[in-house]
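Asker: Fold the following, please.
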Amino acid sequence: MRSCCLPRASLATGLLLAVLGGCDSTQYKNASHPNYGDADYKSDLAQCRKQNSKVVAVSGYDDRSEIHVDEAKSRSCMTERGWQAISR
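Answerer: Have a look, this model is predicted:
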């Protein structure tokens, strides 16, 4: 009896994940350059993140370095370049 409910639970979980996965659909438009597309957005985002990041050395059992990105400054950079979030 119990094994018959497992496929239903898996199906319900799968559907829930599919629905929630579709919720993150923020798109961006460049007001200064309306012909810019997704590739331009990704390129600008990479440049803004690189400009607002720094390498941090982490000492401990194993010394390593990490890259920390100032996300607030990256968003400000994207705004300065004309990118604005639009609703679907």
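Asker: And the helix or strand where Lys73 lies, what does it pack against?
Answerer: Following DSSP states H and E, one finds Lys73 within helix 71-80. Contacts defined by 3 or more Cβ pairs under 8 Å, 6 or more residues apart in numbering; DSSP states H and E place helix 71-80 against helix 38-51. To be clear about C-beta, it is placed using only N, CA and C from the backbone, and glycine gets the same treatment.
Asker: Can you tell me which helices and strands the helix it packs on packs against?
Answerer: Under the contact criterion of 3+ Cβ pairs under 8 Å, 6+ apart, helix 38-51 touches strand 27-30, helix 71-80.
Asker: how about the shortest one: buried residues?
Answerer: Within strand 27-30, the residues that qualify as buried are 28, 30, counting by 16 or more other Cβ atoms under 10 Å.
Asker: go on, stretch 77-88?
Answerer: Buried, per 16+ other Cβ under 10 Å, within stretch 77-88: 77-78, 81, 83.
Asker: next one: stretch 45-59
Answerer: Buried, per 16+ other Cβ under 10 Å, within stretch 45-59: 45, 48-49, 52.
Asker: Between the helices and strands packed on helix 38-51, which one is closest to Asp40.
Answerer: Taking Cβ to Cβ, strand 27-30 is the member of these nearest to Asp40, at 7.0 Å.
Asker: Look up how far Arg81 lies from Tyr28.
Answerer: 10 Å (Cβ to Cβ, to the nearest Å).
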